[in-house]
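> All I have is the shape, not the residue letters:
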């Protein structure tokens, strides 16, 4: 109620479609807001721009800390905007909940790209749930598309299930690695490698260039062991240096080649279709949870029940069932 | 309806409380079942045994594939049962969805322990959601406790968020590592190290004993950098060999020492209390989702709506909202 100034949905929608960055940023803030009133407004804005979305190349980039993601994106982004594209970079960092750090916390990151008016860089704060983070990033991506950005990079750090969330919203998924970190291909990283469309060995400059080339051959051999993907694309292994920009044009060409191939063989559309369906199910779960937890009667009962469960007087399962039954008895007037 | 033979809840409850392993196994199968009729029966059985649960030492063990988890548990388990305890080992493997493998798929694993009648080994199949896996494992744990097992080991592989799920159901969380894998302490594993009560360097036998000792010092130094935990326990670094059993008595002593300390300072109870509350919330989310997706009217509408969303005719957000509103309009007769 006036505490924070908000506009009508149309102001955001028209502003975004006109490419107004200030209104774009404020709309993304709405999408990230946890205020009930903002949520309604945000969904109206996202719905409003929806017909103007979908026309970008969506690229996911992941890699462990230290692999050089920001330097890579800074140089790669410069190359992309120099070719006339408009680039938006969104960064999600689900790990920051535990470590209290943010991958974009360092203000000096991507300085040059941030000053380029053909690029837009926006960190996504970590939410309390992965589903929440993923929904917010996806909506921010749609807003950026509506604002005219035709290349979207979604950056994430190689932690937990964030890669799965990002894979679920992009066309092309790129894993940045370092030479000599071959052990990481085993075990824990296997799932991530399986999801990748390209494995890029970064920091292939100076003395490390030779090692990187050797690693490229090893990785290429390792990738041969994986079965062919449903998109008929064989994951590529590339070598580059974010620092010197060597190898970056080949990576951009590869991504464009990928787009051409999957658009021809139909995978591009079928993948985006599946992503839309998955997104609906994610949103259903989100709505079920929020309508339950925001219900005043549930909130009122919850405190006493939580105390009883905490103390061991009540069973967790029985009380969960009781609360859900109570909610369903109440919800007639929920909407 | 007779297709699979099922008993009344009381048969399972009395059987479990009498320590009948066949009925215990069949009850765990019920808990893991996705049949609607089994779910009701399972919840009645779990509710019935609940007053007889909670009296075990709950230990979580994690580590990447190849770290020697089965050999460790085989030897450690032998030590524990030799001291008069009854040990149940549950293994969850959320990665098997992607890789189609199971960490207990190899039948020769833990052969000796499996033949020991003071031990009970049970793999948990991967569910479709992490929440599902975690709920089933937690309920299997309670059934084992009611059957008289006073040490429970929950084994998981170092993938995705399974550690977080296991951490949420155990008293003591142990990370198995290898010497020379120091790089893994960085980046991706940091979150897991933060959750640990002990970091154990396995395979410290033969020529590797010296390297393991050196690694122990390095890890101990690294752990000093982490802030003190709320339980006032300083995570220990230990060295052992699952193969020769060297160092295992010290690990068991450490766990008992931990139990004594946290029971004295109140953390044991407060941690279990929080776990019970979290479990209630997990179960609420599970009930909300299953009641929605199992609703016949929702199932009927879902197909058409999914097709429309897939084809791009409908918006994911709008249709999610419509389905949830429809469900809430319907659910008066849900229970």
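Right, received. Where do you want to start? Fair warning: this is a prediction, and the values are worked out from it, not measured in the lab.
> Low-confidence ranges, chain A, go.
Regions of chain A meeting the criterion pLDDT under 70 cover residues A:1-4, A:93-108, A:125-133, A:158-161, A:180-192, A:225-228, A:330-335.
> Following the chain onward from the longest helix along it, which element is next?
The longest helix of chain A (DSSP state H) is helix A:267-293. Downstream of helix A:267-293, the first helix or strand assigned by DSSP states H and E is helix A:296-311.
> Give me the neighbour count for residue A:230.
When neighbours are defined as other Cβ atoms under 10 Å in any protein chain shown, residue A:230 has 10 of them. In short, each C-beta sits where N, CA and C put it, glycine included.
> Now for the nearest residue to it once chain neighbours are set aside: which residues touch it?
Closest residue in space to residue A:230, ignoring its immediate chain neighbours: residue A:267 at 7.0 Å, by Cβ to Cβ, 6 or more residues apart in numbering or on different chains. Residue A:267 is in contact with A:230-233, counting by Cβ atoms under 8 Å, 6 or more residues apart in numbering or on different chains.
> Switch those residues over to TSV; also include distance to residue B:329 and secondary structure.
TSV is the format used below for the contacts of residue A:267 (distance: Cβ to Cβ, whole Å; DSSP: H, G, I helix; E, B strand; the rest coil):
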residue	distance to residue B:329	secondary structure
A:230	38	coil
A:231	40	coil
A:232	44	coil
A:233	44	coil
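> Going by distance to chain B, which of those wins?
Chain B has its nearest neighbour among the contacts of residue A:267 in residue A:230, at 14.2 Å by Cβ to the nearest Cβ.
> Quick check: the residue nearest to residue A:230 vs residue A:50, distance?
Plainly put, residue A:267 is 23 Å away from residue A:50 if you go by Cβ to Cβ, to the nearest Å.
> try residue A:240
35 Å.
> buried ones in the longest helix of chain A?
For helix A:267-293, a neighbour-count test (16 or more other Cβ atoms under 10 Å in any protein chain shown) marks A:267-268, A:271-273, A:275-277, A:279-289, A:291-292 as buried.
> Touching stretch A:320-328 from outside, list them.
Here stretch A:320-328 makes contact (Cβ under 8 Å, 6+ apart) with A:292, A:295, A:297-298, A:301-302, A:305, B:43, B:280-281, B:283-284, B:286-288, B:291, B:331-332, B:334-335.
> Buried ones in that stretch, by neighbour count?
Neighbour-count burial for stretch A:320-328, counted by 16+ other Cβ under 10 Å, picks out A:320-321, A:323-324, A:326-328.
> got the end-to-end distance for stretch A:197-209?
Taking Cα to Cα, to the nearest Å, the first and last residues of stretch A:197-209 lie 22 Å apart.
> cool, stretch A:232-251 as well?
End residues of stretch A:232-251 are separated by 18 Å (Cα to Cα).
> Please apply the same query to stretch A:65-72.
13 Å.
> Quick check: residue A:201 touching residue A:179?
Yes. Between residue A:201 and residue A:179 there is a contact at 5.4 Å, judged by Cβ atoms under 8 Å.
> shared neighbours, these two?
Jointly contacting residue A:201 and residue A:179 under the rule Cβ under 8 Å, 6+ apart are A:212, A:215.
> quick one: secondary structure of the closest residue to chain B within the stretch 1-150 of chain A?
Here the stretch 1-150 of chain A gets closest to chain B at one residue, residue A:64, 4.1 Å apart by Cβ to the nearest Cβ. What DSSP: H, G, I helix; E, B strand; the rest coil gives for residue A:64 is coil.
> So what's the residue count around it?
So residue A:64, with other Cβ under 10 Å, has 22 neighbours.
> which ones are touching the residue in the stretch 151-300 of chain A positioned nearest to chain B?
Of all residues in the stretch 151-300 of chain A, residue A:283 sits closest to chain B, at 3.6 Å by Cβ to the nearest Cβ. For residue A:283, the contacting residues are A:135, B:316-317, B:320-321, by Cβ under 8 Å, 6+ apart.
> With residue A:58 instead?
A:141, A:152, A:154, A:169-172.
> so it, which of the three states?
Assignment for residue A:58 (three-state DSSP): strand.
> Could you find the closest non-adjacent residue to it?
In space, residue A:58 is closest to residue A:170, 4.2 Å off (Cβ to Cβ, 6+ apart).
> One more: residue A:69?
With Cβ to Cβ, 6+ apart, the residue lying closest to residue A:69 is residue A:63, at 5.4 Å.
> Based on its surroundings, how many neighbours for the one you found?
When neighbours are defined as other Cβ under 10 Å, residue A:63 has 24 of them.
> and the spatially most central residue of chain A, what does it touch?
Among the residues of chain A, the one closest to the centroid is residue A:166, at 4.3 Å (Cα atoms, centre = their mean). Going by Cβ under 8 Å, 6+ apart, residue A:166 touches A:60, A:62, A:92, A:134, A:137, A:154, A:156, A:173.
> Output these in a markdown table; the columns should cover secondary structure, neighbour count and distance to residue B:88.
What follows is the contacts of residue A:166, written out as a markdown table (DSSP: H, G, I helix; E, B strand; the rest coil; neighbours: other Cβ atoms under 10 Å in any protein chain shown; distance: Cβ to Cβ, whole Å):
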| residue | secondary structure | neighbour count | distance to residue B:88 |
| --- | --- | --- | --- |
| A:60 | strand | 26 | 41 |
| A:62 | strand | 24 | 37 |
| A:92 | strand | 28 | 39 |
| A:134 | helix | 25 | 36 |
| A:137 | helix | 25 | 41 |
| A:154 | strand | 26 | 43 |
| A:156 | strand | 26 | 37 |
| A:173 | strand | 22 | 40 |
